[in-house]
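[1] compute the structure for the input listed below.
(4 chains)
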Number of protein chains: 2
Amino acid sequence: MPKPQAKPERKTRIQSQNEEIILDAALEVFSAYGYRGGTIDQIAARCGLSKPNLLYYFRRKDDIYKAVLERTLADWLEPLRSLDPAADPATELTRYISAKLDLTFGRPAASRLFANEILHGAPHVARFLKGPLKELVDAKALVIRRWVAEGKLRPVDATHFIFAIWAVTQHYADFAVQVEAIIGTPDRERVRRAVLDILLRGIIPGRG
Amino acid sequence: MPKPQAKPERKTRIQSQNEEIILDAALEVFSAYGYRGGTIDQIAARCGLSKPNLLYYFRRKDDIYKAVLERTLADWLEPLRSLDPAADPATELTRYISAKLDLTFGRPAASRLFANEILHGAPHVARFLKGPLKELVDAKALVIRRWVAEGKLRPVDATHFIFAIWAVTQHYADFAVQVEAIIGTPDRERVRRAVLDILLRGIIPGRG
DNA sequence: GTCTATAATATGATAGAC
DNA sequence: GTCTATCATATTATAGAC
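    The predicted structure is shown next:
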C-alpha cells in the first residue's frame, strides 16, 4: 500500500500512474530474480525513478512485493471461477484450458512470480491458498464430479485433474527457457491443440 | 569444486564426507530460499560447520550451488533415459511416470532446486538444457512416435506429451504447499493412480 | 583443517535540502 | 514529490592465529 500523506487526500493521477509503473517494473524484476534476488535498485532503474522516490510510493520492499502479488491473484482465479456448471463440459473445459494458456503466454512473468512464491513456501499467500483458492477448487471439483455423475464426462479424479490442468498450462511460462531450449519458441496454436488433446481426450465421451 | 591444497593429494574420508554433508545442507537451503535467498551462514549452521570452514571446502557460494545442482542433474535424466523402445508402451510409460513421481515425493527439494533454476532463466544450466536434455528428449520423442506409427499408441504430440508428464509429476513437489493447502498431505498411491489415468487413458489403446 | 576477527561490498532504508 | 547523501545492516569472502 502507498503511504497516505497527513490527510487522506485522493490520489493524484501522477500518483496512480507512478504506482502502476512501479508495479509493472517490480513484476518483471521479482519474477525474474525472486523476492530476495530482486533489488529496489533494479526496480527503480527499470522505471526511471530514483530509489528514494520509489520508496516514497512504497515504504518498504515487502510492500512493493505484496502489492504486485495481490494484483495478480484476482486475475489468476478468474478463468476457473467462470467455469459454468450448466454448460457443456467439453466446451467449458476447452475454454478454461485455453484461457489458462492465454494467461501463460500473455503474462508469463505473472505466472513465474506466483510459481516462485509457491515454490518457496508461499510465505505471503498462505492465507489465500487455504481460503479463496481452496474454496474455489472444492466448488469446481464438485462441478466436475456432477458432470461425471451425469455421464457427461468419463470418471476422473476431479481435484487432481484441476492440478493437472494448472501444471501443464503453467509449465509453458514457468519452464519457458527449458521448453525453448528443446523445441525453440513454441507455436501457441500447436501447444493449445496438444494440451487440449492430452488433457481432454481421455475424459470427453466420444473423443477417445 | 573443493580447492586442492598445494599438492594434488587424494581426498581424505573426512573431506569427502564433509562435502556430502555440505551439499545436502545446501540443497535444502537453496531449494527453500533460492540462490540469492540462501546464505552461506544458513548452510554452515545447518551442517554444524563454521562459515570459514565451509568456505575451505567450497571457495565461493557459487561453487556450492553449482556442485549441488550438478549432483541432481544426472539423476534427473535417468528415468527418461531408461524408457525402453522395445518394451510395451503402456508398461514403459507407466513405469516412467511412476519413477518421476517417486523422485517428486522422495526428493522434493531437488525438484524445487531445479524448478527455481529454470524459473529464473537457467543461468547455470543453459548448456545442459540445450545439450544433453534436448538430445534425450528428441530421442525419446522419436520412440513415442514410433509406437504411434506401429499402432501401439494413439496419436499424440510426442514432445508436448513429455512436457505434460514432467509438468504434472513435478507439480506435486514444486507446488507442494499449494496442493497441501487444498487437499492436505496427498496420498501418494492415489496421486499415482490419478496421474496415470489422466495422462495415459487417452493414448493407451483399449484403455479409453 | 578449523577457528576468530575483519575486510569489502551490496542493499534496504532514512535524513534533509529543494 | 523528488533529489543527493548517507546510515545501518547483511552477507560474501579473506587474513592470519592455532
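
[2] would you tell me whether the longest helix along chain A gets close to DNA strand C?
    As assigned by DSSP state H, the longest helix anywhere in chain A is helix A:13-37. No: using CB under 7 Å from any atom of the strand, helix A:13-37 stays clear of DNA strand C, with a minimum separation of 7.6 Å. No exception for glycine: its C-beta is placed from N, CA and C like everyone else's.

[3] can you point out the buried residues in the very next helix or strand once past that helix?
    Heading C-terminal from helix A:13-37, the first helix or strand you meet, by DSSP states H and E, is helix A:40-46. For helix A:40-46, the neighbour count (16 or more other CB atoms under 10 Å in any protein chain shown) marks A:I40, A:Q42, A:I43, A:A44 as buried.

[4] any chance you could list what contacts stretch A:31-51?
    Contact partners of stretch A:31-51, identified using CB atoms under 8 Å, 6 or more residues apart in numbering or on different chains, comprise A:18, A:21-22, A:24-26, A:28-30, A:53-55, A:61, A:64-65, A:109-110, A:112-113, A:116-117, A:120, B:33-37, B:116, B:120-121.

[5] can you flag the buried ones in the residues you listed?
    With neighbours counted by 16+ other CB under 10 Å, the contacts of stretch A:31-51 contain buried members at A:18, A:21-22, A:24-26, A:28-30, A:54-55, A:61, A:64-65, A:109-110, A:112-113, A:116-117, A:120, B:33-37, B:116, B:120.

[6] just the residues you listed that are near DNA strand D?
    Among the buried ones among the contacts of stretch A:31-51, the ones lying near DNA strand D by CB under 7 Å from any atom of the strand are A:N18.

[7] up against DNA strand C, what does chain A have?
    So chain A meets DNA strand C at A:G38, A:T39, A:I40, A:D41, A:K51, A:P52, A:L55, A:R59, A:R60, A:K61, A:D62 (CB under 7 Å from any atom of the strand).

[8] can you pull the pLDDT of the fourth one?
    As summarised for this prediction, A:D41 has a pLDDT of 97.

[9] list the contacts for A:P205?
    Residues counted as contacts of A:P205 (CB under 8 Å, 6+ apart) are A:G151, A:K152, A:L153, A:R154.

[10] should've said A:L101
    Residues in contact with A:L101 (CB under 8 Å, 6+ apart) are A:T169, A:Y172, A:R188, A:V191, A:R192, A:V195.

[11] related to what we said a few turns ago, check the contacts of A:P205 against DNA strand C and report the nearest one.
    Set against DNA strand C, the nearest of the contacts of A:P205 by CB to the nearest atom of the strand is A:L153 (47.9 Å).

[12] how about the closest one: what's its closest non-neighbour residue?
    A:W147 (4.2 Å; CB to CB, 6 or more residues apart in numbering or on different chains).

[13] ok, and for whatever helix or strand that neighbour lives in, which residues are buried?
    Per DSSP H and E: A:W147 is located in helix A:134-149. Within helix A:134-149, the residues scored as buried using 16+ other CB under 10 Å are A:L136, A:V137, A:K140, A:A141, A:V143, A:I144, A:R145, A:W147, A:V148.

[14] can you name every helix or strand that that helix contacts?
    Packed against helix A:134-149 by the contact rule (3 or more CB pairs under 8 Å, 6 or more residues apart in numbering or on different chains; DSSP states H and E) you find helix A:61-81, helix A:158-174, helix B:176-183.

[15] distance between the ends of stretch A:165-181?
    Using CA to CA, to the nearest Å, the end-to-end distance of stretch A:165-181 comes to 23 Å.

[16] chain center to that stretch, what's the gap?
    Mean C-alpha position of stretch A:165-181 versus that of the full chain (CA atoms, centre = their mean, to the nearest Å) differs by 13 Å.

[17] stretch A:154-163 too?
    On the basis of CA atoms, centre = their mean, stretch A:154-163 is displaced by 20 Å from the centre of the chain it belongs to.

[18] which residues does it contact?
    Contacts for stretch A:154-163 (CB under 8 Å, 6+ apart): A:80, A:137, A:140-142, A:144-145, A:148, A:202-205, A:208, B:168, B:171-172, B:175, B:179, B:182-183, B:190-191, B:193-195, B:197-198, B:201.
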